[in-house]
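> Got a sequence here, can you build the structure:
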Amino acid sequence: MYYITSNDGTKIAVYDYNPQGKQTIFLIHGWPLSHQIFEYQINLLTDCGYRVVAVDLRGFGKSDTPAWGYSYDQMSADIFQVVRRLCLRRFILVGFSMGGAIALRYMNRYNGFGVCKLILLSAAAPCFAQRLDFPYGKPMQEVNDLIALAETDRPQLCQNFSRQLFARPHSDAAVDWFRGIALSASGIGTIKSAIALRDEDGWEDFSCVHVPTYIIHGDKDVVVSQELAEIQHENICGSKLITLPDSGHGIVYDQLEEFNSIFMNAITD
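Numbers count the residues shown, from 1 in each chain. Prediction:
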């Protein structure tokens with residue numbers, strides 16, 4: 001792990017596995033987690049000879065926790081700084097949940113610089129919260145309640161979230177592992193990025209995607225609805241939508257073997 005300084009001075013933790021690998025896979029985690037959620041994909045990818053670059057978003061994991069800069073514009077700028085500093089070319093960009101929305105904003109703001117393929121996992125796009133003209137996200141009051149809980153009892157928020165991730169039964173230890181990852185986030189990052197989740201609108205990002213795109217979603221996701229995946233599919237030209245019938249939001253683990261098979265097919269296709 002090392003740090004790359006973003007354009008506003010924030011230090012972003014970067015994890016570069018197998019730097020001599022045949023192709024780079026760039027992983028962006030979601031709220032309120034860290035790069036650790038990709039453990040069972042990083043193992044697989046490196047075993048298959050890929051280079052894997054993962055980051056902790058600002059406010060999460062081992063990255064700095066500034067009091068500002070949790071908009072999608074700034075977090076996509078953080079990604080761009082990493083891409084530039086590592087001189088990445090023709091890499092596959094993968095975004096989970098909020099990380100998917102940030103990946104889409106990167107495609108918009110930086111014209112998909114260096115990206116040859118996009119993979120969206122349970123992506124919280126175009127809008128996480130409902131609007132008057134957009135009834136498909138989380139109810140606005142529910143998102144406000146999440147933010148209020150983060151401000152008053154973040155441990156309870158992390159416990160609730162870890163229990164909502166999965167549609168299938170998993171060991172208490174596995175659920176506790178995800179809860180621990182969420183607890184490793186800063187309070188500031190958890191709150192301010194939840195506000196971004198509530199307020200950001202990514203409709204314009206779709207039209208800026210001009211690379212092959214895979215959308216992988218769990219049919220039993222209660223955090224990001226299947227309707228959002230279908231909207232992504234309809235609005236990203238030529239995209240492919242793949243649904244895991246027995247997975248919830250934690251798609252990288254819920255049906256681990258099935259997901260990894262689909263994920264590797266998307267990478268090699």
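
> what residue ranges in the protein score low on pLDDT?
Counting by pLDDT under 70, the chain has no low-confidence residues at all.

> can you give me the helices in it?
Listed in chain order, the helices of the chain (DSSP state H) span 39-47, 72-85, 98-109, 140-152, 154-164, 172-183, 187-199, 226-235, 251-254, 256-268.

> can you list those in JSON lines and add mean neighbour count?
Backbone N, C-alpha and C define where each C-beta goes, glycine included. Below are those laid out as JSON lines (neighbours: other Cβ atoms under 10 Å):
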{"stretch": "helix 39-47", "mean neighbour count": "17"}
{"stretch": "helix 72-85", "mean neighbour count": "20"}
{"stretch": "helix 98-109", "mean neighbour count": "27"}
{"stretch": "helix 140-152", "mean neighbour count": "15"}
{"stretch": "helix 154-164", "mean neighbour count": "17"}
{"stretch": "helix 172-183", "mean neighbour count": "16"}
{"stretch": "helix 187-199", "mean neighbour count": "20"}
{"stretch": "helix 226-235", "mean neighbour count": "18"}
{"stretch": "helix 251-254", "mean neighbour count": "24"}
{"stretch": "helix 256-268", "mean neighbour count": "16"}
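
> The ones you listed: which one's closest to residue 16?
helix 72-85 (9.7 Å; Cβ to Cβ).

> next one: the closest one to chain centre, how far?
Taking the mean C-alpha point of helix 72-85 and that of its whole chain, the gap between them comes to 14 Å (Cα atoms, centre = their mean, to the nearest Å).

> ok, now stretch 257-269?
17 Å.

> Next up, the contacts around the nearest residue to residue 159 once chain neighbours are set aside.
In space, and not counting its chain neighbours, residue 159 is closest to residue 179: 5.6 Å by Cβ to Cβ, 6 or more residues apart in numbering. With contact set as Cβ atoms under 8 Å, 6 or more residues apart in numbering, residue 179 has these partners: 158-159, 161-162.

> ok, now residue 183?
For residue 183, the contacting residues are 154-155, 158, by Cβ under 8 Å, 6+ apart.

> Distance to residue 189 for those - can I get that in JSON lines?
What follows is the contacts of residue 183, written out as JSON lines (distance: Cβ to Cβ, whole Å):
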{"residue": "154", "distance to residue 189": "11"}
{"residue": "155", "distance to residue 189": "15"}
{"residue": "158", "distance to residue 189": "13"}
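
> Dump the contacts of residue 179 into JSON lines; add distance to residue 244 as well.
Compiled in JSON lines, these are given as follows (distance: Cβ to Cβ, whole Å):
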{"residue": "158", "distance to residue 244": "24"}
{"residue": "159", "distance to residue 244": "24"}
{"residue": "161", "distance to residue 244": "20"}
{"residue": "162", "distance to residue 244": "19"}
